[in-house]
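> Requesting a structural model of the entry that follows:
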Amino acid sequence: MTFRQAVITCFQKYFTFSGRASRSEYWWFFLFTALGGFVAGFLEGFINAASGTPGGPTLLSGAFNLATFIPGLAVGWRRMHDSGRSGLYLLYPMIAIVGLSLFIGMFGGAEVLNGSDPSALFEGAFGIVVILALIVVAISPFLVLFWLTRPSQPGANQYGPNPHEVSP
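Residues are numbered from 1 along each chain as shown. Below you'll find the model as predicted:
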């Protein structure tokens, strides 16, 4: 799949979270969003500097990010399906962060963070759990990245036929 085909496919499948997406489809669309975000930010900075309001509104990059968020999430979801995993695995880092935050909030860590000695958060059994959870939060994005780079499962899987074996 080419860069152009991947971008067109991802926008055609804007809300499609079922099926499978090849590695090339995912990574070409990832490159498109990265380059598009960079160009939008550069243009915004240029426009804001020319108008005398550096650090001004970010409407252009905000609109680009809003337009590409859902198709980016959908192609990532389908990419997880292609490697034989549920699309929910794509959200693993966010789930780990929310879980850690809830744990700290429910068991009195918020008071420690608001106090004068945040190092108290890492003392005792509570601290051991927080440290282990922080390790999981730190590793989880790399784990998802690893899953996104895995090759397609050969043949059909529970999410559909292999995109390399299906004629366009």
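> With G41 as the reference, measure out to R4.
R4 sits 23 Å away from G41, going by CB to CB, to the nearest Å. Every C-beta, even on glycine, is put in place using the N, C-alpha and C of the backbone.
> Now stretch 27-34: buried residues?
Applying a neighbour-count criterion of 16 or more other CB atoms under 10 Å, one finds W27, W28, F29, F30, F32, T33 buried in stretch 27-34.
> go on, stretch 7-23?
Within stretch 7-23, the residues that qualify as buried by neighbour count (16+ other CB under 10 Å) are V7, T9, C10, K13, G19, R20, A21, S22, R23.
> hang on, the earlier thing: neighbour count winner among R4 and G41?
G41 (15 against 10; other CB atoms under 10 Å).
> N65 is in contact with G37, correct?
Yes: G37 is within contact range of N65, at 6.5 Å (criterion: CB atoms under 8 Å).
> Contacts only, for the spatially closest residue to G160 that is not a sequence neighbour.
Spatial nearest neighbour of G160, chain neighbours left out: G19 (4.7 Å); criterion: CB to CB, 6 or more residues apart in numbering. The contact partners of G19, by CB atoms under 8 Å, 6 or more residues apart in numbering, come to K13, R78, H81, Y159, G160.
> among those residues, which two are most distant?
Longest distance between any two of the contacts of G19 is 13.6 Å, between K13 and Y159; criterion CB to CB.
> which neighbours do these two share?
Here K13 and Y159 have G19, R78 as joint contacts, going by CB under 8 Å, 6+ apart.
> per-domain residue ranges of the chain.
Structural domains annotated on the chain: 1-82, 85-159, as defined by automatic domain parsing.
> and the longest one, how far apart are its ends?
Read it as domain 1-82. 15 Å (CA to CA, to the nearest Å).
> what does the shortest one give?
Across domain 85-159, the terminal residues are separated by 9 Å (CA to CA).
> Would you enumerate the residues in contact with the closest residue to L43 other than its chain neighbours?
Leaving aside its sequence neighbours, L43 sits nearest to L60 (CB to CB, 6+ apart; 5.9 Å). For L60, the contact set (CB under 8 Å, 6+ apart) comprises A40, L43, E44, I47.
> State the mean pLDDT of the helix or strand hosting M80.
Assigned by DSSP states H and E, M80 belongs to helix 59-82. Mean per-residue pLDDT for helix 59-82: 94.
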